[in-house]
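>>> just the structure for this:
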Amino acid sequence: MSDSPVARLGGSVQGEAANDLTPLEACLLHAAETLERPMTVAALHAAQSGAQGSLTVRDAIVAAERAGLQAGFGKRRLRDFDDTLTPAILILENNRAVVLYHRLPGERLAVFDPALGEGMGEVDAATIEAAYTGYALLLRAEHRADLAALASGRRGHWFWSTLAQNRWAYTQVVLAAMLANFLGLSTSLFIMVVYDRVLPNEAMESLIALTAGVGVALLFDFLIKTLRAGFIDRAGQRADMAMGRRIFDQLLDMQMRARKGSTGALASTLREFETLREFFTSATLVAVVDLPFIILFIGVISLIGGPLALVPAIAVPVVLAVGIAVQPILSRLAEKNFADGQSKQGVLVETVAGLETIKAAGAQRRMRARWEDAIARQSDHGLRSRAVTQFAINATAFTQQAAQVMIVFYGVFLITDGKASMGALIASVILTGRTLAPLAQLAQTLTRFNQARTSYRSLDRLMKADSERPEGRNWISRPRLEGEITFDDVSFAYPDQTVDALRNISFTIKPGEKVAILGRIGSGKSTVARLMLGLYEPRQGSVRVDGIDIRQIDPGDLRRNVGSVLQDVWLFSGTVRENIAIGAMRPRDHEILDAARIAGVEDFVKRNPAGYDLMLAERGEGLSGGQKQAISLARALVGRPPILLMDEPTSAMDVQNEGEVIARLKTECADRTVVIVTHRTSLLELVDRVIVIDQGRVAADGPKSILNRRSAGAARAGGQDGA
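Alright, predicted model coming up:
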């Protein structure tokens, strides 16, 4: 029994399949390959949002859609599945999953079970039924034409498609608004009937019945408005989760060349999502939904008061005219306020990030001046915006009060002429107030609308920026690279720069070769490192790894195979362990410990009682420069990537620590490709070859002995000059 498919299906509770994949991950990869939309492990990793580093169902849907699959998750009975609904990933108990492909004769199923290996197998339907939770992930391949639309960004708009997914909730809001507005007529009609029928006839029984009826109507009005608020909140919550994730994913996947402006400006743009969300989840939306019912109230006034309907019919266009007049002004001020907010946020972020440097350099006065200038500009535009808004509010209030006065004035003449009753006049006054109530918030609504529109435009520009992971793109899966790196006639210029940082660079680094890239400040050697990582694309030529243009390799696969130490070390708030393992996919403890030992992290962590649970502040504040570099180097070593790319990895270490790290790296990197960008001669112990970059070109390339020849040549030239 233990060797049967039944027993093997109920194997590991953890559900770890081969290559450290969970059952859900293994099933998704298998189904995607079967549907001819192959997916890489790196693509799964990029879609993960769980704190534990495992793929959730929601993550699986995101990963599937990126690969060009339609995905839907829901509850479905096992007997309802036929070939039109397969392949489907069945969610089983104890975090297990299988892919259902076909039904077979004799109540058998053709499935892929990660616990059984790589191929499909057969299993009794009763076996699956016993473990099946009732939930399944349905997958279908997009048509190739649909994939072209995906690549061009014509479908699945980050904002409108999310709202469309909540269309039923917003339909409920509109239906609730209709009922609430119809029930709102009850009080006006009640007062009219009491004045015109009950009082003259002293019909107390009718009064009691009418009062009871109005009470029921008011109760339903209360319940409907409460439900309406709940519908808006729930729709807003779902939209918040969906849009928030898409926006942050775009930030993470955005190509570096597409990033515009300062860090503070970018953070300010992301913060504008709050403004956009608030517009669709606040009382502003209720006021907008209530606007069409103005016609209903004017119609009712016409039925009960006749000519009295002329008053609100004139007042409404007056208020709308005021709104139309101030709209362009509010729109311009909203855009200026947004720009001012970005500027202020940029100064704030820059100040907080560089506070230590500002204090050391005595630059408080300059930063204070920039801050006060940003505040002054935002305050000035804010003052003008509030003045225009207040004018519109006052004009609306004046029109509303004038309309009520005029309807009473006109109504008295109609009553005198016998064309209206007292009850009709009072009811018309109340209904006029209800008619103009949505317009009373017109100024605030216009202000919020302009803010929301500006926020939308800013976020839409961000969402349209070029992404490293365009939807529908199928990458070449290269989970393990050999380590050959080729630059073929590469030229590159940074965005908004007219001068090339690299010009016609060509070289090849063989697998296992140890190379140093040398050059003066600004020569372009760090740019070479960025291109190797695929952070930027060359303007001309190609960068290849193992003979494949890196633009064809999943960025996650590429960077998982290239352990990198960048020149600017950046640590994140969290523990030492979390900072070392931050980019690894489920690293084991021994891998973290080995990397920490080689990089020298162990030397200072072992002296702290917290050990690897030592909490670090943002950017590693409190650690020395050498300690930060050690953690960054350990991060690059986790998982033993075949390529190690280091940009000044020991520049902040003391001589003793640097020597120890170099000695350990010599042993550790014996079988790996190593590329070191450096000025320091001590690191040349690790390399056999040097490439000298000067003014964006390869000035020299050969064994490191060429440095001695170049130094001797320079010395002779210096001696001749001196002579």
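>>> where does the stretch 201-350 of the chain have low pLDDT?
Residues of the stretch 201-350 of the chain meeting the criterion pLDDT under 70: 261, 281-284.
>>> helices of that one, start to end?
Counting by DSSP state H, counting those that start in this stretch, the segments of the stretch 201-350 of the chain that form helices are 204-253, 263-280, 283-290, 294-305, 310-353.
>>> please name whichever of these is nearest to residue 546.
Distances from residue 546 to each of the helices of the stretch 201-350 of the chain were compared using Cβ to Cβ; the shortest belongs to helix 204-253, at 23.7 Å. The way it works is simple: take the backbone N, C-alpha and C, and place the C-beta from them, glycine included.
>>> give the other helices and strands that that closest one contacts.
helix 160-165, helix 167-193, helix 263-280, helix 283-290, helix 442-463 (3 or more Cβ pairs under 8 Å, 6 or more residues apart in numbering; DSSP states H and E).
>>> again, only using 10 Å
Judged by 3 or more Cβ pairs under 10 Å, 6 or more residues apart in numbering; DSSP states H and E, helix 204-253 is in contact with helix 41-47, helix 57-66, helix 160-165, helix 167-193, helix 263-280, helix 283-290, helix 442-463.
>>> tell me which of the ones you listed sits nearest to residue 513.
With respect to residue 513, and counting by Cβ to Cβ, the nearest of those is helix 41-47 at 24.9 Å.
>>> how far does the closest one sit from the chain's center?
Relative to its chain's centre, helix 41-47 lies at 16 Å (Cα atoms, centre = their mean, to the nearest Å).
>>> got it, and stretch 262-276?
Here the centre of mass of C-alpha atoms in stretch 262-276, compared against the chain's by Cα atoms, centre = their mean, lies 12 Å away.
>>> buried residues in that stretch, which are they?
Across stretch 262-276, burial judged by 16 or more other Cβ atoms under 10 Å covers 262, 264-266, 268-270, 272-273, 275-276.
>>> same question for stretch 620-637.
Along stretch 620-637, these residues count as buried under the neighbour rule (16+ other Cβ under 10 Å): 620, 623, 626-637.
>>> next up, the contacts around the nearest residue to residue 700 once chain neighbours are set aside.
Taking Cβ to Cβ, 6 or more residues apart in numbering, and ignoring the residues beside it in sequence, residue 700 has residue 692 as its nearest neighbour in space, at 4.0 Å. The contact partners of residue 692, taken as Cβ atoms under 10 Å, 6 or more residues apart in numbering, are 516-520, 523, 525, 698-702, 706-707, 710.
>>> of those, which is the most crowded?
Across the contacts of residue 692, neighbour numbers were computed from other Cβ atoms under 10 Å; residue 517 holds the maximum, 27 neighbours.
>>> show me the domain layout of the protein.
Per automatic domain parsing, the structural domains of the chain span 5-155, 161-463, 485-722.
>>> how far away from the center of its chain is the second one?
The gap between the average C-alpha position of domain 161-463 and the chain average comes to 27 Å, counting by Cα atoms, centre = their mean.
>>> before we move on, back to that, and the helices and strands packed on helix 204-253, which one's lowest on average pLDDT?
Of all the helices and strands packed on helix 204-253, the segment with the smallest mean pLDDT is helix 283-290, scoring a mean of 74.
>>> contact partners of it?
170, 173-174, 176-178, 180-181, 184, 225, 228-229, 232, 235-236, 278-280, 434, 437-442, 444-449, 452.
>>> just the buried ones from these?
The neighbour-count criterion (16+ other Cβ under 10 Å) marks 170, 173, 176-177, 180-181, 184, 225, 228, 232, 235-236, 278-280, 434, 437-442, 444-449, 452 among the contacts of helix 283-290 as buried.
>>> I figured residue 209 hits residue 194, correct?
No: counting by Cβ atoms under 10 Å, no contact exists between residue 209 and residue 194, whose distance comes to 11.5 Å.
>>> so for those two, which sits in the more crowded spot?
residue 194 (19 against 11).
>>> where's the more buried one relative to residue 604, distance?
Summarising the geometry, the distance separating residue 194 from residue 604, computed by Cβ to Cβ, to the nearest Å, is 85 Å.
>>> quick one: what helix or strand has residue 607 in it?
If you go by DSSP states H and E, residue 607 is not part of any helix or strand.
>>> now it: how far from residue 653?
When distance is defined by Cβ to Cβ, residue 607 is 17 Å away from residue 653.
>>> still on that earlier bit, farthest pair within the buried residues of stretch 262-276?
By the measure Cβ to Cβ, these have their two most distant members at 262 and 276, which lie 21.4 Å apart.
>>> can you name the farthest residue from the center of the chain?
Among the C-alpha atoms of the chain, the one farthest from their average position, using Cα atoms, centre = their mean, is that of residue 201, at 67.7 Å.
>>> for it, which residues are in contact?
For residue 201, no residue counts as a contact, taking Cβ under 10 Å, 6+ apart as the criterion.
>>> going forward, the N-terminal residue is numbered 805.
Right, with 805 as the first residue, what we last looked at is residue 1005.
>>> look up how far residue 999 lies from it.
Plainly put, residue 1005 is 11 Å away from residue 999 if you go by Cβ to Cβ.
>>> then residue 1064?
Distance from residue 1064 to residue 999, counting by Cβ to Cβ: 65 Å.
>>> neighbour count winner among those two?
Ranked by neighbour count (other Cβ under 10 Å), residue 1064 and residue 999 place residue 999 first, with 17 against 13.
>>> contacts only, for the more buried one.
Residues in contact with residue 999 (Cβ under 10 Å, 6+ apart) are 1225-1231.
>>> so which residues of the stretch 1355-1504 of the chain form strands?
Counting by DSSP state E, counting those that start in this stretch, one finds strands in the stretch 1355-1504 of the chain at the ranges 1366-1369, 1378-1379, 1419-1420, 1447-1451, 1477-1481, 1493-1498, 1501-1507.
>>> partners of the third one, with directions?
Partners of strand 1419-1420 in the sheet, by DSSP bridges, are strand 1378-1379 (antiparallel).
>>> repeat for the longest one
For strand 1501-1507, sheet partners with direction are given as strand 1493-1498 (antiparallel), following DSSP bridges.
>>> give me the mean pLDDT for the partner strand.
Strand 1493-1498 shows an average pLDDT of 93 in the prediction.
>>> buried set for that strand?
With burial defined by 16+ other Cβ under 10 Å, the residues of strand 1493-1498 counted as buried are 1493-1497.
>>> turn these into JSON lines, columns for distance to residue 1343.
JSON lines is the format used below for those (distance: Cβ to Cβ, whole Å):
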{"residue": "1493", "distance to residue 1343": "26"}
{"residue": "1494", "distance to residue 1343": "26"}
{"residue": "1495", "distance to residue 1343": "20"}
{"residue": "1496", "distance to residue 1343": "22"}
{"residue": "1497", "distance to residue 1343": "17"}
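>>> between the residues you listed, which sits nearest residue 1158?
Ranked by distance to residue 1158 (Cβ to Cβ), these are led by residue 1497 at 29.2 Å.
>>> contacting residues for the closest one?
So, once contact is read as Cβ under 10 Å, 6+ apart, residue 1497 ends up touching 1305-1306, 1309, 1311, 1321-1324, 1327-1332, 1481, 1503-1505.
>>> return the set of residues that bridge with it.
According to DSSP bridges, residue 1323, residue 1502 are recorded as the beta-bridge partners of residue 1497.
>>> kindly list the longest helix within this protein.
With DSSP state H setting the assignment, residue counts place helix 1168-1220 as the longest helix in the chain.
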